[in-house]
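Asker: Got a predicted structure here, sequence first:
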Amino acid sequence: MLESYDDLLTTEEACEALKVGKNALYDLLHSQKLKGYRNGRVWRIPRLAVEEYICTQAKL
């Protein structure tokens, strides 16, 4: 599904993969619906977390 991405995605890559804007992505991260972590001021989102989020939202 997301094999073309590295194991850790930047916010820009996660927005592109999920087809959402930055504000929506930050809302998902802050509500912990999407797992990720901050490294200083930069968010890193595991590719597996994005795949898991897609599967739960699609009820797969």
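Answerer: Ah, there it is.
Asker: Quick one: list the elements packing against the strand ranked longest in the chain.
Answerer: Longest strand of the chain, by residue count under DSSP state E: strand 42-46. Packing partners of strand 42-46 (3 or more Cβ pairs under 8 Å, 6 or more residues apart in numbering; DSSP states H and E): strand 8-9, helix 11-18, helix 22-30, strand 37-39. No exception for glycine: its C-beta is placed from N, CA and C like everyone else's.
Asker: Residue 48: which of these is closest?
Answerer: strand 8-9 (10.0 Å; Cβ to Cβ).
Asker: what about the closest residue to residue 44 other than its chain neighbours, distance to residue 60?
Answerer: In space, residue 44 comes closest to residue 8 once its chain neighbours are excluded; the distance is 4.7 Å by Cβ to Cβ, 6 or more residues apart in numbering. For residue 8, the distance to residue 60 equals 23 Å [Cβ to Cβ, to the nearest Å].
Asker: Go ahead and confirm residue 2 touches residue 52.
Answerer: No. Under the criterion of Cβ atoms under 8 Å, residue 2 makes no contact with residue 52, lying 11.0 Å away.
Asker: what sits up against the longest strand of the chain?
Answerer: Defining contact as Cβ atoms under 8 Å, 6 or more residues apart in numbering, one finds that strand 42-46 is touched by 7-11, 13-14, 26, 29, 34-38.
Asker: What is the helix or strand just after it packed up against?
Answerer: Next along the chain after strand 42-46, taking DSSP states H and E as the criterion, comes helix 47-57. Helix 47-57 sits against strand 8-9, helix 11-18, with contacts defined as 3+ Cβ pairs under 8 Å, 6+ apart.
Asker: in the protein, which segments are predicted with low confidence?
Answerer: For the chain, no stretch is flagged by pLDDT under 70.
Asker: Nice, that's everything, thank you.
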